[in-house]
Every structure is written in C-alpha cells, then in structure tokens.
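Novice: Just the structure for this:
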Amino acid sequence: MTNTYDTNLNAAAGQSGAQLKRIKDLRDPIVLFMLDYWKAKRGERRMPHPDDIDPVEFARYMPNLQLIQVDHDPFELSYRLLGEAVSDVHGGNYRSRKVKDLDELSPKFGSMMYELFKFVALERRPYAAGGTLDAMGKGYTEFEGVYMPLSFDGERTDRILCASSYRIVAESERIGLGDIYSEPVMAILK
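Specialist: Next up is the predicted model:
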C-alpha cells in the first residue's frame with residue numbers, strides 16, 4: 001500500500017522547518033535506542049505486538065515518548081500517553097484527546113500530526129522526522145523523532161510508539177542562519 005504524506009500541512013501549521021528524514025540519518029541516542037528496541041521486539045514480523053513493549057525496559061526514556069491509539073471504523077487517532085518532554089514542547093498533556101484537537105491550540109498543528117500518524121499507520125513501518133518546530137510557547141526547538149507502528153494482529157496498525165528528543169534553540173543561535181528554519185518539507189525518503 002502506497003500512501004502520500006501531504007507536505008503542505010507543515011507549512012500551513014507554521015512548521016516548515018520540520019521534515020521527514022531517512023531512518024539511517026537518525027543520530028539522537030534516545031531515538032536510536034527506541035528504534036533498536038522496536039526492531040528487536042518486532043523480530044521477523046511486520047510490527048511488534050503492543051504487549052511486547054515493556055516500559056520497564058526503557059523507563060529512563062519515558063519523558064520522550066508518546067503512544068498514539070489508532071482506531072478503525074471510523075479511522076481516528078488519539079493520544080494514550082505523552083511524556084513530560086513531549087508535553088512541554090507541544091504545550092500540554094493531551095492524553096485521551098484526539099490528535100486533531102491540537103488544532104484548537106495551534107492552527108493546523110493537530111492536522112499536521114494527524115496526517116503524519118495516519119501515514120505511519122497506513123504504511124505500517126517506522127518513519128523519522130527532524131528539523132525545527134516552533135514549539136508552543138517555547139520558541140524554536142530542534143527535534144528528531146521516530147514513529148513506529150504496533151499491531152495486535154500483525155497486519156493492521158493499532159498503536160504508534162513515538163520517541164523524540166528536543167533542544168530549545170536560543171535566539172542568539174538562530175541569528176545568521178538564514179532560511180534554515182523555513183526549508184520546505186522534503187519528499188519522503190526511504
């Protein structure tokens with residue numbers, strides 16, 4: 001199944017510095033640890049089962065994780081878990097809320113995240129993103145993240161485990177960087 005990710009949503013959400021990136025270009029130790037963990041739990045299957053994931057094995061990274069619930073018939077995405085670092089950057093803890101509800105706080109931000117999570121759910125494989133976000137109330141934030149599907153039956157995505165790292169970019173660091181924060185979202189790279 002080949003789906004497309006609407007790259008115009010990032011610009012519409014004021015997040016044109018965020019872009020999909022190749023998995024092999026990931027560098028952050030938290031993100032890489034969680035990707036390796038997901039791969040080990042997956043084994044020979046397309047995706048690991050949600051019950052395979054044991055938070056005790058990665059407790060120190062919980063602040064950097066989010067878990068998205070994927071419902072079908074009708075298709076809907078909601079937040080099951082948001083770690084403290086994720087909540088800080090995204091402006092609050094949205095546990096139990098629909099992903100698109102974030103549009104109420106920042107125009108189009110929820111829609112952008114919804115489309116990313118939907119893309120991961122339908123493609124049934126991990127995707128990575130990175131760049132900068134205009135974090136709600138925090139200013140520019142460098143980030144790197146990986147979004148990994150989980151499945152009860154091995155075929156349909158039922159959860160998405162996300163690991164992200166963030167670094168607030170000081171105003172003094174941004175001066176002279178030109179258009180680095182306004183790059184358009186790149187085409188999906190495999």
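Novice: Pull up the distance across stretch 127-145, start to finish.
Specialist: From its first residue to its last, stretch 127-145 covers 8 Å (C-alpha to C-alpha, to the nearest Å).
Novice: quick one: buried residues of it?
Specialist: 127-136, 140-145 (16 or more other C-beta atoms under 10 Å). Backbone N, C-alpha and C define where each C-beta goes, glycine included.
Novice: what's the answer for stretch 97-109, then?
Specialist: Buried positions in stretch 97-109, judged by neighbour count with 16+ other C-beta under 10 Å: 98-100, 102-103, 106, 108-109.
Novice: Please apply the same query to stretch 59-76.
Specialist: Residues 61, 64-70 are the ones in stretch 59-76 that count as buried (16+ other C-beta under 10 Å).
Novice: can you give me the strands in the chain?
Specialist: Here the chain has its strands, by DSSP state E, at 18-21, 65-71, 76-82, 127-135, 139-150, 159-168.
Novice: Select, out of those strands, the one closest to Gly91.
Specialist: Across the strands of the chain, Gly91 has its closest neighbour in strand 127-135 (7.6 Å, C-beta to C-beta).
Novice: Parallel or antiparallel, which strands does that closest one pair with?
Specialist: Paired strands of strand 127-135, with direction, are strand 18-21 (antiparallel), strand 139-150 (antiparallel) (DSSP bridges).
Novice: for those, which one sits closest to Asp51?
Specialist: strand 139-150 (9.1 Å).
Novice: Distance to His49 added to the strands of the chain, as JSON lines?
Specialist: Shown next, in JSON lines, are the strands of the chain (distance: least, C-beta to C-beta, whole Å):
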{"stretch": "strand 18-21", "distance to His49": "26"}
{"stretch": "strand 65-71", "distance to His49": "14"}
{"stretch": "strand 76-82", "distance to His49": "15"}
{"stretch": "strand 127-135", "distance to His49": "20"}
{"stretch": "strand 139-150", "distance to His49": "7"}
{"stretch": "strand 159-168", "distance to His49": "10"}
